[in-house]
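> I'd like to go over a predicted model; first the sequence, then the structure.
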Amino acid sequence: MSALVLLEREGSVAKVTLNRPEAANALDMPVARALLEVATECDSDDSIRCVTMTGAGRMFCAGGDVSAMAAAGDKVGAMVGDLASTLHLAMSRFARMNKPLVTLVNGPAAGAGYGMALSGDVVLCGRAAVFNAAYGMLGVSPDGGLTWLLPRLVGLRKAQEIILTNRKVTAEEAEALGMVTRVVDDEALAAEGAAVAAKLASGAIGAIARSRALLLNAYDNSWETHLELEARGIAGAIAGPEGREGVAAFLGKRKPDFANAK
């Protein structure tokens with residue numbers, strides 16, 4: 001694994017850290033490739049039951065590395081296309097893996113970092129965090145899933161204003177708008193993230209995976225199609241080891257042990 005994106009394990013929780021603090025964790029091709037490698041590892045390792053993502057230093061992620069773009073010269077279009085595509089592959093892995101993602105927004109998130117920050121199933125935000133689309137300042141359009149995520153979280157009208165005017169959103173406003181799950185004190189962010197991840201990791205990961213998939217496709221399916229998928233999902237889950245353990249624990253008036261369900 002590259003030192004640009006750290007992957008650490010704490011029991012069944014994988015901790016992903018963007019580790020380029022001297023460059024505000026900006027994304028260049030080495031970082032994007034390292035993130036894809038880490039995302040693939042998290043996706044494929046069944047012993048990982050929850051993933052957290054944060055940034056090293058004072059920023060979550062400043063988005064694409066503008067200096068690297070300038071250095072690409074006449075090949076900047078191909079370079080940025082490759083960068084965005086690689087980042088998007090990593091984000092797709094995180095979105096479709098059979099385990100939840102918790103993002104810990106420890107500081108400013110801009111550009112593609114904005115979309116990455118919002119992509120968690122649970123998004124915890126330190127008070128020092130601020131969100132800035134910033135694309136208009138560079139004369140470019142968004143990437144990192146921002147135009148998909150933000151309208152679903154805050155509504156189209158508010159998303160239009162935020163993205164098109166490059167308006168900064170504070171941590172407190174982000175919570176009020178429903179962009180993030182909740183704001184916590186900066187010094188408590190890591191501990192709160194660890195507690196949330198541990199709770200998720202002890203849960204019914206198969207059921208969580210089905211729920212993630214249903215939620216991800218909720219805006220694309222027809223009503224009847226989605227009802228059928230829900231019916232098939234709950235039927236499969238209740239007949240599986242997690243469902244059997246959940247029912248037995250409920251009837252036995254004990255806490256379920258989903259991690260060891262057979």
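Thanks, I have it. Source: prediction; values computed, not measured.

> Asp45 is in contact with Met97, correct?
No - look at Met97 against Asp45 with Cβ atoms under 8 Å: they stay out of range, at 9.5 Å. Any C-beta I mention is one placed from the backbone N, CA and C, and that applies to glycine too.

> more neighbours, those two?
In this view Met97 and Asp45 are compared by other Cβ atoms under 10 Å, and Met97 has more residues nearby, 19 against 16.

> so for the closest residue to Glu10 other than its chain neighbours, what's the pLDDT?
Of all residues not flanking Glu10 in the chain, Ala194 sits nearest, at 7.2 Å (Cβ to Cβ, 6 or more residues apart in numbering). We have a pLDDT of 97 for Ala194.

> show me what contacts Ala194?
Ala194 makes contacts with 10, 13, 52, as judged by Cβ atoms under 8 Å, 6 or more residues apart in numbering.

> in a markdown table, list those residues along with pLDDT.
Below are these laid out as a markdown table (pLDDT from 0 to 100):
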| residue | pLDDT |
| --- | --- |
| Glu10 | 95 |
| Val13 | 98 |
| Thr52 | 98 |
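
> so where's the stretch 151-262 of the chain uncertain?
Counting by pLDDT under 70, not a single residue of the stretch 151-262 of the chain qualifies.

> what about the helices in it?
156-164, 171-177, 189-201, 205-216, 223-239, 241-251 (DSSP state H, counting those that start in this stretch).

> need these in CSV with distance to Arg93, can you?
Listed next are the helices of the stretch 151-262 of the chain as CSV, based on distance: least, Cβ to Cβ, whole Å:
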stretch, distance to Arg93
helix 156-164, 25
helix 171-177, 25
helix 189-201, 18
helix 205-216, 13
helix 223-239, 21
helix 241-251, 23
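
> give the bridge partners for Ala14, please.
Judged by DSSP bridges, the bridge partners of Ala14 are Arg9, Val51.

> contacts only, for Lys99.
Listed by Cβ under 8 Å, 6+ apart, the contact set of Lys99 reads 42, 48-51, 205, 208-209.

> one more time with 10 Å
12-14, 42-43, 45-46, 48-51, 121, 200-201, 205-206, 208-209, 212 (Cβ atoms under 10 Å, 6 or more residues apart in numbering).

> buried ones among these?
Using 16 or more other Cβ atoms under 10 Å as the burial test, the contacts of Lys99 include 12-14, 42-43, 45, 48-51, 121, 200-201, 205-206, 208-209, 212 as buried.

> now the strands for the stretch 1-150 of the chain?
Remark: strands assigned in the stretch 1-150 of the chain by DSSP state E, counting those that start in this stretch are 5-10, 13-18, 50-55, 101-105, 109-110, 122-126, 130-132.

> for Leu35, find the nearest of these.
strand 5-10 (5.0 Å; Cβ to Cβ).

> centre of the chain to the closest one, how far?
15 Å (Cα atoms, centre = their mean, to the nearest Å).

> okay, the angle between that strand and strand 50-55?
Here the directions of strand 5-10 and strand 50-55 differ by 140 degrees (axes from the mean of the first three to the mean of the last three Cα atoms, to 10 degrees).
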